[in-house]
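Asker: next one to model:
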Amino acid sequence: MRFTKPAWVTHREQGTKSEQNPKPLAIFSVHVHPDGSRIATGGLDAKVRIWSTKPILNESAELSGRPPKSLSTLSMHTGPVLVVRWAFSGRWLASGSDDTIVMIWDLDPGAKGKLWGSDEVNVEGWKPLKRLSGHDSDVTDLAWAPGDRYLASVGLDSRVLIWCGFTLDRLRVLDLHRGFVKGVCWDPVGEFIATASDDRSVKIWRTSDWGLEAEVEKPFEASPGTFFRRLSWSPDGAHITASNATNNQGFVFIAAVIARNSWTSEISLVGHENTVEVSCYNPHIFVRNTSQPVVTSNICSVVALGGDDRSVSVWQTKSARPMIVAKEVFERQILDLSWSQDGFALYAVSSDGTMGVFHFDVEELEGICPLSAQQEYLKKFGYDPPPVRSGFSHQQPPAAITEMKVDVETPTSMNSVSQPTNGVNTLIAKRNKKKRVPLVGTKSAPLQLSKPQPPPSTTSRLNPPSISAGITSYSFDDPIESQIPLDRLVSGSSSHSPTISSWNRNTRHPSDHFLGNEDVDMFDAHSDMSVQISSLNDEETVNTRGKRKISDLIDDGRPVKARTLGGDQGRRERPIVREIVSGSNVNQTFAQSSNSVLLPSPPLLNFLAAKVDGAQDVLECLNKVDEGLHELTFRTGAMQQTQWLDFLPSPAIAITVTKKFCAAAMQDGCINVYTPTGRRVMPTMALGSICAYLCGSCDFLMALTSSGTLHVWNVKKGRAHCAATSISPILGPNAEVISVNVSQSGAPVIHVSSGCAYSYDHELLSWVKLSEKWWAGGSSAWQARSRTGAVNANRGVVANIENTISEQTGPDDGANRERPKWWEAALTLGHLETRLHATKALESSVEYKQALLVYTKRIAEDGFRGKAEELIKELFGPLYWRPGRDDSWTPTLLGFHKRELLREVLNIFAKSKTLTKMALDWQDMLKKAAIDE
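Answerer: Numbering: from 1, shown residues only. Below is the predicted model:
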């Protein structure tokens, strides 16, 4: 890692330019542009300043003055600028000030030149696009929602304002906080927004109806007052890291890690000697094992913390120790942090008026994934935001693109990892017709998924006294064994910081792949940008070379259209859906005895359609019974282009589609399964009965016939997931099937009218109850009753099952009955134990850990030593277990290491009044076992 503090990045007092050493003013905020070419800072001088990053990271660029260090100074605010945030598109910059105003800035090439009333010169112009008024006091933090759909602002008026990210109109005011609001962040999925306030709480809000989802207070009960409470959401959507939290009645300063869905804080980042002011996650997700896929059990995140103790720490969520601790690199507290989009540079600003940059090497951040992997991973949450209104888009229409710069540096694989695959972005809003500056258009470079090669290191060896590479516990004092060599730890320019030795910034680094050592435009044609920055080149150069018409590029790069089966068909109108009455023309080759029918057959419709979750792909079937033609069609994209079609021998009674396969069940009791390209991936399967329910998830297809036989197949492997079985054991005399589904792990989920949900366990060869309405009558862990009507696919499969049961059965009629003494305790423990088995059956790892910790807390509260010992032994396993020696016990469960789970369980038991000694004894044994391993 390398560290530098450029002395020229500063906000200074007005009228002191002529002084030899002008007094620096506090810098309250910093944010890196999405393409990494520039940063914006806000300070006490009431100005927003935009700086080039190339002179910061490259010494030759700093000495040459190309590009200029200072790009622009924006001076419309009348008070200190407390926060600056770039939009994800890179098109707009938002700033908030204690003048109560949020300002939106847009690029204005005509605004270049000398700054009025000052000797400063703007080499590029930014104009105030819109002035957002609505706060009654200081604006302390801002955050753009994913895709720039919304902009959230918070302030000292205790309110949260939600603005439209396209029209910039105010949409909603959230005013449930009882103190100054000093931090805001968006869920990367787009489902929630979190705010932190001086009322000592973090509130989670739903974006679907802007209602309050949860309120977290425990870690902040003794938190002191700080200038900011800036919090951050992990890129995998699993956690929020909130600043200004405490342990031990306020004597231990921590950052609280809040888990998604449960909204509890069981993990603390401990070590700062004073309050934590800001947290900031690296925008990339990381894999623990680079040879394994990007799945929940194999990913982690990197988060940076800045505190009032003048130190910065960087943590990786897979370890209890920080990766890096930088002590006393500033003279006063850290107020803001920002990662570059490539994930290798961390910018920090302080109230002492300086900015520092931590530049990491590839091997220090091993396992970094491209942003495309994050977007693909977030699809597992199943959240589908409401569609954007017509006319609002961040994609540039082809007609508006008139020219193309070609005199740019081609990105390398490292740059490709950190850039999205979309082309040039722009913003189209409903405004008056004005003259527009031509935008730069380009086709994106293909996304390189290969692992970046580490650059050669020529940094000289140093011995900085104030930065350590790690710790052995939750304090910042002792380095761990596998510490980073000091020759790669810290370096800086003597001109930037008199206390840190110089380093050779000509050393190649991942960021140099797109910054380069050549003089190129800050916004090159391969970066995900919406505007061309021409102010960094000589006017003559820009106007006389490096341009060609967009039509030339389209002619050169137009892909050849692939031929598809039925691709010449145009988009057709959907017919009016109606039921086809059985008659002489209907295929009657399949008949079944009425004595074998357990479930009613679905009606035969003239048109069926099924949509892929999270995409615009649609599988359609048109049953033309009179003509004897039954056409199955798969269409993709916004234009609904036909990818393939097939003609069925019998009318389709049910269809389903996932990203992995398409399936159609026919009236003759047969099922066809296709790949997304239309190839039959499995032979036609004859079930012997009409399919009553057909559903799919990931690689699994499930069919439930009207005779009550359940089939589940693994389409990817081309075989049955479990043996065909009858559902008659779970249907009572008057019970009916309400709904049928299949989980991503292939487990069937069947809801019946008796208020129970079942799944078939192919290892037990038996139907098992996942949940039932019985628990709602006494279990304190039954949370569905407070969330009825708020169906949320992201809440977890087991939580949704309980929510469905609550909706189907309604409120408990016996809730007010007099119950025995141990009624609530018995039902709560029984419910939690059932939930643990259900999460394992459905392979819901996140919900399993949540249920385990809630179960552990309940045992600790009641002091049930027997249950506690059984749970500990189950997770600890054999005392002298070794891999390969004893296969009767497996060390992992749903991707978790059992002994790592046991550490968290023992921490909870250690706080119990009756189980403390037992927990301490087992903690000692766990430490000895870890040493032996």
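Asker: please count neighbours and contacts with C-alpha atoms only from this point.
Answerer: Noted.
Asker: got the contact list for the closest residue to residue 674 other than its chain neighbours?
Answerer: Nearest non-adjacent residue to residue 674, counting by Cα to Cα, 6 or more residues apart in numbering: residue 680, 4.4 Å away. Taking Cα atoms under 8 Å, 6 or more residues apart in numbering, we find residue 680 in contact with 672-674.
Asker: just the terminal-to-terminal distance for stretch 652-665.
Answerer: From its first residue to its last, stretch 652-665 covers 6 Å (Cα to Cα, to the nearest Å).
Asker: what residues does it touch?
Answerer: 602-605, 608-613, 618-619, 621, 623, 630, 666-667, 671-676, 691-699, 715.
Asker: quick check: mean pLDDT across stretch 290-303?
Answerer: Across stretch 290-303, pLDDT averages out at 89.
Asker: what's the neighbour count on residue 698?
Answerer: Using other Cα atoms under 10 Å as the criterion, residue 698 is surrounded by 18 other residues.
Asker: next: residue 701.
Answerer: Residue 701 sits with 29 neighbouring residues when counted by other Cα under 10 Å.
Asker: only alpha carbons, please: show the host helix or strand of it as PDB.
Answerer: Taking DSSP states H and E as the criterion, residue 701 maps to strand 700-705. Output in PDB follows, covering the C-alpha atoms of strand 700-705 (Å, rounded to 0.1, in the frame of the first residue of the first chain):
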ATOM      1  CA  PHE A 700     -34.900 -27.100 -10.800                       C
ATOM      2  CA  LEU A 701     -38.300 -28.000 -12.300                       C
ATOM      3  CA  MET A 702     -41.200 -29.200 -10.200                       C
ATOM      4  CA  ALA A 703     -44.500 -30.700 -11.400                       C
ATOM      5  CA  LEU A 704     -47.500 -31.700  -9.300                       C
ATOM      6  CA  THR A 705     -50.000 -33.800 -11.200                       C
END
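Asker: give me the contacts around it.
Answerer: So strand 700-705 is in contact with 599, 687, 689-696, 710-716, 741-742, 744-746, 748, going by Cα under 8 Å, 6+ apart.
Asker: so what pLDDT did the closest residue to residue 632 other than its chain neighbours get?
Answerer: By the measure of Cα to Cα, 6+ apart, the closest residue to residue 632 outside its immediate chain neighbours is residue 621, 4.4 Å from it. As predicted, residue 621 sits at a pLDDT of 93.
Asker: am I right that residue 621 is in a strand?
Answerer: Yes: using DSSP: H, G, I helix; E, B strand; the rest coil, the secondary structure at residue 621 is a strand.
Asker: wait, doesn't it sit right on residue 608?
Answerer: Yes: in this structure, residue 621 is within contact of residue 608 by Cα atoms under 8 Å, at 5.1 Å.
Asker: residue contacts, residue 674?
Answerer: 661-663, 680-682.
Asker: want to throw the residues you listed into TSV with secondary structure and distance to residue 79?
Answerer: Shown next, in TSV, are the contacts of residue 674 (DSSP: H, G, I helix; E, B strand; the rest coil; distance: Cα to Cα, whole Å):
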residue	secondary structure	distance to residue 79
661	coil	58
662	strand	59
663	strand	62
680	strand	67
681	coil	65
682	coil	68
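Asker: more crowded one of residue 621 and residue 608?
Answerer: Each of residue 621 and residue 608 has its neighbours counted (other Cα under 10 Å); residue 621 has more, 26 against 20.
Asker: what sits against the more buried one?
Answerer: With Cα under 8 Å, 6+ apart, residue 621 has these contacts: 607-609, 630-633, 652, 655.
Asker: any of the contacts of stretch 652-665 buried? List them.
Answerer: Buried members of the contacts of stretch 652-665, counted by 16 or more other Cα atoms under 10 Å: 604-605, 608-613, 618-619, 621, 623, 630, 666-667, 671-676, 691-699, 715.
Asker: how much space between residue 49 and residue 143?
Answerer: Counting by Cα to Cα, the gap from residue 49 to residue 143 is 19 Å.
Asker: wait, residue 290
Answerer: Taking Cα to Cα, one finds residue 290 at 32 Å from residue 143.
Asker: likewise residue 164?
Answerer: 12 Å.
Asker: ok, residue 347 next?
Answerer: 17 Å.
Asker: re earlier: neighbouring strands - and their directions - for the strand holding residue 701?
Answerer: Note on strand 700-705: by DSSP bridges, its sheet partners are strand 691-697 (antiparallel), strand 709-714 (antiparallel).
Asker: redo those strands as TSV? Include distance to residue 233 and mean pLDDT.
Answerer: TSV is the format used below for the strands paired with strand 700-705 (distance: least, Cα to Cα, whole Å; pLDDT from 0 to 100):
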stretch	distance to residue 233	mean pLDDT
strand 691-697	28	94
strand 709-714	35	95
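Asker: out of these, which comes closest to residue 329?
Answerer: Residue 329 lies closest to strand 691-697 among the strands paired with strand 700-705, at 51.1 Å (Cα to Cα).
Asker: grab the CA positions of the closest one and hand them over as CSV.
Answerer: Extracted in CSV, the C-alpha atoms of strand 691-697 (Å, rounded to 0.1, in the frame of the first residue of the first chain):
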residue,chain,number,x,y,z
CYS,A,691,-50.1,-31.4,-14.6
ALA,A,692,-51.9,-29.4,-12.0
TYR,A,693,-49.0,-27.2,-11.0
LEU,A,694,-45.7,-26.5,-12.8
CYS,A,695,-43.0,-24.2,-11.5
GLY,A,696,-39.2,-23.7,-11.8
SER,A,697,-36.4,-22.1,-9.9
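Asker: how far off centre is that strand?
Answerer: 30 Å (Cα atoms, centre = their mean, to the nearest Å).
Asker: what's around residue 127, how many residues?
Answerer: 17.
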